[in-house]
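Q: need a 3D model of the following:
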Amino acid sequence: MKVTLMVADVVDHTNYIAKSRASIEALKSANLLKSVSINALILGESGVGKQTLAGHIIPTSVVDASSFNELLALIETNSSLIVKNFHKITNYKKLKIALDIHKTRIIATSVLPLNDQLIDEFFSLKITLPPLRERMEDVLPLMEKFSLEAQVMFGGEFEEKLSLNNITPDLSKNCYSLRRSVYNAYLMSSFGEEEILAMMEQFLSGKIGGRNDYRDLLYLFDVPLIKSGYAKFGSQLTMSEKFGLNRNTLRKKINDYKDRF
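A: Here you go, the predicted structure:
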């Protein structure tokens, strides 16, 4: 019997986080697959948690399908395997023969869709994991997890936990980019003036070399200053007074940089 589910998971290397409805359904499906020895395929974008879900089903060896000879060797010595990047298999016929001979169970993952005939040949169950942007209930608990990771990773340099409300979550690459946005926030909160100047110097060293560098790169100072001014003072009038700028000058700068806000 062929079954297609729409479920979700999140990247979590210790505990499965299930807050959204889709993630809870994913956990139920994974628990069911623990008790049924069938092959399953997990589809989804990079970073949605395919390998984490596969590891929840069968905590076993993981092999990349692009290493085909290694995959064949592991099939001979393992009763179950997680095969990531299944779309990179170079010889599906040879793989099927090896699986049938050694009775090896596989949970496979792929970022690309496979044709129905191929899926029917190898798998009894297909699971599609939606992107994290469709599971917003999972975002905050993931950020909390990544926040704890950052505190441990950076050696307890932070005296108090960073407010997650001040972090704009980056979901462009699912949990990979979300983790990076949390880590970056922790790092930036620890920067002093010397670190910021050194970072800017390194960045600018790769940018300068043209005839109008000063004018073209001035936005690197103006834009963050104006954005932080808006956040703190709330109006152009107060900003112009605090910055010591003419209101017309400030208004022109804001208009010049409107595409950067």
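
Q: every contact and neighbour count from this point should use C-alpha atoms.
A: OK.

Q: pLDDT weak spots in the stretch 51-200 of the chain?
A: Scanning the stretch 51-200 of the chain for pLDDT under 70 picks out 156-161.

Q: ranges for the strands of the protein?
A: Under the criterion DSSP state E, the chain carries strands at the ranges 3-6, 40-44, 62-64, 80-84, 105-110, 125-129.

Q: need these in a markdown table (columns: mean neighbour count).
A: Below are the strands of the chain laid out as a markdown table (neighbours: other C-alpha atoms under 10 Å):
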| stretch | mean neighbour count |
| --- | --- |
| strand 3-6 | 12 |
| strand 40-44 | 24 |
| strand 62-64 | 18 |
| strand 80-84 | 24 |
| strand 105-110 | 25 |
| strand 125-129 | 21 |
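
Q: quick one: residues in contact with stretch 219-239.
A: The contact list for stretch 219-239, computed with C-alpha atoms under 8 Å, 6 or more residues apart in numbering, reads 247, 250, 251, 253, 254, 257, 260, 261.

Q: measure the fifth one to residue 248 for me?
A: Using C-alpha to C-alpha, to the nearest Å, one gets 10 Å for the distance from residue 254 to residue 248.

Q: more neighbours: which of those two?
A: residue 254 (18 against 11; other C-alpha atoms under 10 Å).

Q: circling back: ok, the contacts of stretch 219-239 vs residue 199, which is closest?
A: Set against residue 199, the nearest of the contacts of stretch 219-239 by C-alpha to C-alpha is residue 260 (20.5 Å).

Q: neighbours around that closest one, how many?
A: Using other C-alpha under 10 Å, residue 260 has 11 other residues around it.

Q: roughly how far apart are the closest residue to it other than its chain neighbours and residue 230?
A: Excluding the flanking residues, the one nearest residue 260 by C-alpha to C-alpha, 6 or more residues apart in numbering is residue 223, at 7.3 Å. When distance is defined by C-alpha to C-alpha, residue 223 is 11 Å away from residue 230.

Q: repeat for residue 167
A: Distance from residue 167 to residue 230, by C-alpha to C-alpha: 17 Å.

Q: now stretch 179-186 - C-alpha only, PDB.
A: The C-alpha trace of stretch 179-186 is given here as PDB (Å, rounded to 0.1, in the frame of the first residue of the first chain):
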ATOM      1  CA  ARG A 179      20.600  29.000  13.500                       C
ATOM      2  CA  ARG A 180      23.000  31.400  11.900                       C
ATOM      3  CA  SER A 181      20.800  34.500  12.600                       C
ATOM      4  CA  VAL A 182      20.700  33.500  16.300                       C
ATOM      5  CA  TYR A 183      24.400  32.900  16.500                       C
ATOM      6  CA  ASN A 184      25.200  36.200  14.700                       C
ATOM      7  CA  ALA A 185      23.000  38.100  17.100                       C
ATOM      8  CA  TYR A 186      24.900  36.600  20.000                       C
END
